[in-house]
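Asker: Could you work out the structure for the sequence below:
(one chain, ligands or ions: 1)
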Amino acid sequence: MHILLADAILANDTILRDHGIVFHKTILEIASNEDLRLRYRDQCIELGNNSILLPGLINPHVHLEFSANRSTLTYGGFMPWLSSVMANRDDLINDCNDDCIAHTIDTMLSNGITAFGAVSSYGYDLDACAKAPQKVVYFNELIGSDPKMADALYGNFQERLFASQGSAREGFYPSVAIHSPYSVHRVIIKKALAYAKEHHLRVSAHFMESPAERQWLDENGGDFKPFFENFLKQHQAANTAQEFLSYFDETPTLFTHVVHPKEEELALIQKGKHTIIHCPISNRLLGNGALDLEKIQAHNIRWTCGTDGLSSNYALDLFEEMKIALFMHHGHDLLPLAYELWRSVTANAAEALNLNCGKIAADYDADLLVARVDYPINEQLPIHLLLQPCKIESVYIQGKKVKGNN
Ligand SMILES: [Zn+2]
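Answerer: Prediction:
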């Protein structure tokens, strides 16, 4: 059993001053430092001045297999970026071996990420994810819009999925990702979703990332048209947006991006109890625009923040992601938005990924960060934590210290 006494705890939408927590694998109790000192005496560890306990952060969307990218891929527009991915994909994948992926996972841990959703295109990140100290929701990705290739591509997806199911450990969850509405044939989408439903697997998909996707799905035209005609000899989108969403009717899903939705699509997302993953940095770098947070909130849709992969980001750091979002959504009141961002990468992400963490509250897993700031703590702490980086001194996952000294 551990007892940590802090200057402040960021607990489930409030700041508790001079409080501590008692935890084992799960959190047993939260109480004032005074009370804990009386009851537990020398079992207490005093974290000292300007110490803060934070819930571990949850990154619901990352592509680890592309972690070798630094300046190879072209930023500024979705189509130039996609062409650069097609041209450099093999080199980038080859340049990131197990060590590179393990190093990337460790960097996320240093950044306070105690759980993540990894979208895997090839299964090359399986070993590193299975060995990671974090909770991992491992999304095996299905792609393939050509009906002639569908069976073979489904077979490949199934092999990867089965392999991940073979490496199950506590805190590792084999799952399913459907690449996008434009890149997967409906027959194999339905097959994969039926399997996911039968086996209670988590599901994720990209949706409405770029203006090109919107145009291709709506009109079979726009910037995607030459791409599909030249590369895949396709003249028509694999699905309409509404058809695509209808496949997920009975499967609460994490939809990534959703920068260009129509009102009726947001209504379907709300109705299906789905979650939107907001990737502000990736969206900006690929010229895709900004998520309309007000609309998402008006539809009462749960949302969370993710980093996407290093193929469209310079860091896998949710503090950075929240900071960018804080500035991007400038119409929102600052402090309430900061609180919402914190909720998005903790409680919201945990609920969407079906994990028992994301809150500093009794009975939740003890996934915790011991952090320290070099300024006085006050009621605007959720803002200051985004503007002035805290030092993460220790990281606990299920009560076990996986990084640091405290
Ligand atoms: Zn992605």
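Asker: Tell me if I'm right that residue 299 and residue 270 touch.
Answerer: Yes: using C-beta atoms under 8 Å, residue 299 is in contact with residue 270, at 4.7 Å. (C-beta placed from N, C-alpha, C; glycine too.)
Asker: What are the structural domain limits within the chain?
Answerer: Listed by automatic domain parsing, the domain ranges of the chain are 2-56+359-404, 57-353.
Asker: Just the endpoints, please. Distance across the longest one?
Answerer: The separation between the terminal residues of domain 57-353, taken as C-alpha to C-alpha, to the nearest Å, is 13 Å.
Asker: Let me know the distance separating residue 277 from residue 255.
Answerer: 7 Å (C-beta to C-beta, to the nearest Å).
Asker: Ok, residue 398 next?
Answerer: From residue 398 over to residue 255 the distance is 29 Å, taken as C-beta to C-beta.
Asker: of those two, who's got more company?
Answerer: Higher neighbour count among residue 398 and residue 255: residue 255, with 26 against 21, using other C-beta atoms under 10 Å.
Asker: What is the neighbour count of the nearest residue to the more buried one once chain neighbours are set aside?
Answerer: In space, residue 255 comes closest to residue 207 once its chain neighbours are excluded; the distance is 4.3 Å by C-beta to C-beta, 6 or more residues apart in numbering. By other C-beta under 10 Å, the residues close to residue 207 number 28.
Asker: Now do the helices in the stretch 251-400 of the chain.
Answerer: Using DSSP state H, counting those that start in this stretch, the helices of the stretch 251-400 of the chain run over 263-271, 280-285, 293-298, 318-328, 334-343, 349-353, 381-387.
Asker: Check which helices and strands the first one sits against.
Answerer: I take that to be helix 263-271. Counting contacts by 3 or more C-beta pairs under 8 Å, 6 or more residues apart in numbering; DSSP states H and E, helix 263-271 packs against helix 241-247, helix 293-298.
Asker: Adding distance to residue 309, write these out as JSON lines.
Answerer: Below are the helices and strands packed on helix 263-271 laid out as JSON lines (distance: least, C-beta to C-beta, whole Å):
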{"stretch": "helix 241-247", "distance to residue 309": "22"}
{"stretch": "helix 293-298", "distance to residue 309": "22"}
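Asker: Among these, show me which one is buried the most.
Answerer: Comparing the helices and strands packed on helix 263-271 by mean neighbour count (mean count of other C-beta atoms under 10 Å), helix 241-247 comes out on top with a mean of 19.
Asker: tell me the mean pLDDT for it?
Answerer: Taken as a whole, helix 241-247 has a mean pLDDT of 98.
Asker: now swap in stretch 362-370 and tell me
Answerer: pLDDT averaged over stretch 362-370 gives 98.
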